[in-house]
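K.L.:
mind looking at a prediction? Sequence and model below.
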Amino acid sequence: MNIGIVGLGLIGGSLALDLRHQHTIFGVSRRPETCEQAIARQIVDHASPDLALMAKADVVFLCTPLGAIESTVTQLLPHLSSSTILTDVGSVKGSVVEAIAPHWQNFVGGHPMAGTAESGLNAALTGLFVNRPYVLTPIDSTPAKAVETVAELARSLQAQVYHCSPEAHDRAVAWISHLPVMVSASLIAACLSESRAEVLALAQSIASSGFRDTSRVGGGNPELGRMMAQFNQDELVRSLHAYRHQLDQVITQIEQSDWDSVQQLLTQTQTARPQFLSTSEKE
Ligand code: NAP
């Protein structure tokens, strides 16, 4: 197939690297130098900042930041033939599906659940999606053939395909992706509020695997984190309130030296954690 990728960054570049083994890749990115680099490094077969390049594509993956998806689609649609299948990789699905589906029948909302703390074409990796969930969010009007074509491409990346509604997706990712970013960022910010400079310096020197794990997603791409909050505001706020309620309970238990309750919580979470990781990273 001819595969179009709009937005040659971490996700778009990684898709191109893997799909290029079996397909011809047409890439569009905002900056001409990114397009030149993508051709020079043989990440894509053809590239241009001009969306007219997408006229040849059978399937187009929208891989721009969330805030640019809607305006990109408006400019893109006049270049496409009616059979072209459009899909996106945005981390939020409700607002994206609502914005695109009324204008393009062959649109399938998608979200590959993979990433790193880096961004841009230089961060693109081969095999990024292997054994990772790839969520598709078709709605009643989405043609089954379009859904199956995108699912087949996702499976060719060795990703595990899931189907759900855009609403269920946004509520679920608030818990397991967007809330963790805000919690992890808040952890780093709280540590930085240490008032004694020598204690802060000591903490930074001796921080080890525990801090590395819990601070990882708070040290990622700030633009992506902002977009998650902006486009999944209601679900993120709901999960943050639940988290604050949980934190308040732990504070009370510790203040009251209620060690049995603290241990009970940690026993429950020790048992529950593997279920959250059962489909991807088994630890
Ligand atoms: P990224 O590394 O910043 O890549 C996006 C690229 O799009 C930029 O490098 C930029 O390239 C290009 N771009 C920006 N505006 C554009 C426009 N208007 N038209 C065409 N190209 C444009 O970001 P990413 O992490 O790959 O995220 C891309 C999408 O994937 C987002 O919607 C995000 O929600 C989703 N996602 C991200 C992750 C993750 O963990 N990072 C995981 C799953 C899904 P140039 O300026 O160099 O041309």
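P.N.:
Right, received. Where do you want to start?
K.L.:
so which residues of the stretch 51-200 of the chain form helices?
P.N.:
In the stretch 51-200 of the chain, the helices defined using DSSP state H, counting those that start in this stretch lie at 66-76, 94-100, 144-156, 166-173, 179-192, 197-206.
K.L.:
apart from its neighbours in sequence, what residue is nearest the closest residue to the ligand within the stretch 101-250 of the chain?
P.N.:
Closest to the ligand within the stretch 101-250 of the chain is residue 115: 1.9 Å, counting by C-beta to the nearest ligand atom. All C-beta spots, glycine's among them, are computed from the backbone N, C-alpha and C. Nearest non-adjacent residue to residue 115, counting by C-beta to C-beta, 6 or more residues apart in numbering: residue 10, 6.5 Å away.
K.L.:
ok, that neighbour - contacts?
P.N.:
Going by C-beta atoms under 8 Å, 6 or more residues apart in numbering, residue 10 touches 115-116, 118-121, 123-125, 221.
K.L.:
part of a strand, is residue 218?
P.N.:
No - assessed with DSSP: H, G, I helix; E, B strand; the rest coil, residue 218 is helix; it does not lie in a strand.
K.L.:
that one is in contact with residue 192, isn't it?
P.N.:
No - assessed by C-beta atoms under 8 Å, residue 218 is found out of contact with residue 192, at 11.2 Å.
K.L.:
more crowded one of these two?
P.N.:
A side-by-side neighbour count of residue 218 and residue 192, using other C-beta atoms under 10 Å, places residue 218 first with 18 against 10.
K.L.:
next, count neighbours for residue 41.
P.N.:
14.
K.L.:
then the one 4 residues further on?
P.N.:
When counting by other C-beta under 10 Å, one arrives at 16 neighbours for residue 45.
K.L.:
so it makes contact with residue 20?
P.N.:
Yes - the pair residue 45 and residue 20 passes the contact test of C-beta under 8 Å, sitting 7.2 Å apart.
K.L.:
near the ligand, which residues of this structure?
P.N.:
6-12, 28-31, 34, 63-66, 68, 72, 89-91, 111-112, 115, 119-120, 221, 224 (C-beta under 6 Å from any ligand atom).
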